[in-house]
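# Structure for the following, please:
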Amino acid sequence: MLQKDNSGKRQMTMLLQLLDGQQLNKKELELMFNVSPRTIQNDIAQIKQVLEECISQRYDLLLGSSNLIYSLTDRFQVQLRKSGEGGQYFVKENITKLSSFGNLLSANESFAILKILLESRALSNDEMFGLIDSIFQIGDNNEYLKNSILNERFHYKGVPDSPLLEILGMINDAIEQQLEISFDYTKNFVTHHFKKLPEQLYFQDLYFYMVSDHHTSQDDRDLTNLNKFRVNNMKNIQLHGKRRKLDYNNRFQAGILRNNTGVWGYFGKPITLSIEFYYDPVYVLDRFPGAKIISQHFDDDRQQVVSRIDIPTNDGYGVKMWLLMQSDQLKILSPKSVRDYVIQSARNMLNYYSEDLEKK
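Residues are numbered from 1 along each chain as shown. This next block holds a predicted model:
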């Protein structure tokens with residue numbers, strides 16, 4: 001039991017207990033410190049004043065909103081829950097978080113990040129859930145965030161079967177130090193051993209990729225000539241001490257590849273793809289940020305607007321897949337090589353169905 005007249009030590013003890021997350025029973029405090037109920041009330045009032053001044057001095061100018069100041073006070077201030085004999089004093093959140101509150105993600109920012117992460121399916125379940133929990137720790141309004149993704153989290157199925165973060169870190173170290181990396185890589189049931197100088201990591205359409213050449217090179221069906229690798233297919237990775245200087249002018253640029261190839265980031269020779277699009281052109285413009293509408297006219301036969309669109313892209317397999325997915329919504333004007341590819345693919349598909357019809 002502390003001496004009755006040692007108010008400073010008593011208040012400091014109570015403050016430290018509150019900051020430690022303890023809930024203090026009013027009646028027990030009176031007995032512990034051998035003081036009256038009024039004294040405990042005065043002590044709590046002193047502690048609340050100090051915390052409120054701390055919040056106000058640090059955030060009045062930063063936030064400039066009485067509503068936000070009230071929210072901070074509600075979360076980091078001493079509160080009384082009336083129950084039993086005199087109730088309990090507590091602080092909702094640890095006051096030590098207050099020093100970094102200005103750097104926390106807002107609820108809206110956290111919500112957007114969580115939705116994008118879950119949609120990506122980029123990490124194994126354990127790694128994704130760990131990342132989500134970390135965002136909860138730095139995000140505002142944690143309970144709202146947790147409730148907003150309950151269903152998606154429950155049904156989440158990551159594409160990788162095994163952890164990726166450590167591998168991504170190892171490859172990133174190799175890129176930073178310009179070190180060669182060796183690994184085994186399997187594609188189409190064939191495994192080959194590679195030794196490459198990684199240029200960059202990037203993410204697109206479910207997968208993290210390690211790139212070892214610029215984006216205007218070719219994605220080759222020949223396994224031995226690959227220079228873009230899905231990280232989750234890389235095994236037995238080792239870093240080597242030999243340093244090699246990258247050609248900065250011909251380096252891989254993920255932003256260009258993403259803008260020019262839409263959903264699938266396949267390498268290829270740069271081209272300008274000209275098409276007539278028979279639907280809302282926003283579906284092309286959103287997919288390819290560099291695309292431009294050259295002209296538009298109303299087609300009387302189709303009874304719809306037709307847009308002539310030029311797209312800066314490449315002749316890689318990803319763009320060809322996208323074109324085939326559009327079905328009868330577009331016609332390729334040029335280049336002839338891409339037009340011929342799509343026409344031949346359509347004929348092949350028709351032949352598959354024709355064979356079935358002939359058997360009936």
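
# and Y279, what does it touch?
Q304, Q329 (C-beta atoms under 8 Å, 6 or more residues apart in numbering). In short, each C-beta sits where N, CA and C put it, glycine included.

# List phi and psi for it.
phi -150, psi -170 (degrees, to the nearest 10).

# Repeat that for V190.
phi -120, psi 130.

# ok now do the residue lying closest to it once chain neighbours are set aside, which residues does it touch?
Leaving aside its sequence neighbours, V190 sits nearest to L223 (C-beta to C-beta, 6 or more residues apart in numbering; 5.5 Å). By C-beta under 8 Å, 6+ apart, L223 lies in contact with Y185, K187, N188, V190, H192.

# The same query, at a cut-off of 10 Å, please.
Y185, T186, K187, N188, V190, T191, H192, F194 (C-beta atoms under 10 Å, 6 or more residues apart in numbering).

# What does the pLDDT read for the nearest residue to the third one once chain neighbours are set aside?
Just to be clear, that refers to K187. Of all residues not flanking K187 in the chain, L223 sits nearest, at 5.5 Å (C-beta to C-beta, 6+ apart). As predicted, L223 sits at a pLDDT of 81.

# just the one 3 residues further on next, same as before
According to the model's per-residue confidence, L226 sits at a pLDDT of 86.

# mind checking how far it is from N233?
Going from L226 to N233 by C-beta to C-beta, to the nearest Å gives 10 Å.

# These two: which has the busier surroundings?
L226 (19 against 15; other C-beta atoms under 10 Å).

# if I look at the most centrally placed residue in the chain, how far off is S212?
The chain has L117 as the residue nearest its centroid, 4.2 Å off, counting by C-alpha atoms, centre = their mean. According to C-beta to C-beta, L117 and S212 sit 27 Å apart.

# Please spell out which residues along stretch 308-326 are buried.
308-320, 322-323, 326 (16 or more other C-beta atoms under 10 Å).

# The residue lying closest to L114 once chain neighbours are set aside: what's it in contact with?
Leaving aside its sequence neighbours, L114 sits nearest to I149 (C-beta to C-beta, 6+ apart; 5.4 Å). With contact set as C-beta under 10 Å, 6+ apart, I149 has these partners: F111, L114, K115, L117, L118, I132, F136, Y156.

# and the helix or strand hosting the second one, which residues are buried?
Taking DSSP states H and E as the criterion, L114 maps to helix 107-120. Within helix 107-120, the residues scored as buried using 16+ other C-beta under 10 Å are S110, F111, I113, L114, L117, L118, S120.

# Average pLDDT for the helix or strand containing E52, rounded please.
Taking DSSP H and E as the criterion, E52 maps to helix 37-63. Averaged over helix 37-63, pLDDT sits at 77.

# same thing with stretch 285-302?
pLDDT averaged over stretch 285-302 gives 92.

# Could you do stretch 128-144 as well?
Mean predicted lDDT for stretch 128-144 stands at 82.

# try stretch 332-351
Computed over stretch 332-351, the average pLDDT equals 94.

# got a list of contacts for that stretch?
With C-beta under 10 Å, 6+ apart, stretch 332-351 has contacts from 268-269, 271-276, 308-310, 313-315, 317, 319-321, 323-324, 326-328, 330-331, 354.

# Among those residues, which are located in helices?
Y317, V319, K320, M321, L323, L324, S354 (DSSP state H).

# Farthest pair within these?
Comparing all pairs in the ones in helices among the contacts of stretch 332-351 by C-beta to C-beta, the longest separation belongs to V319 and S354, at 27.3 Å.
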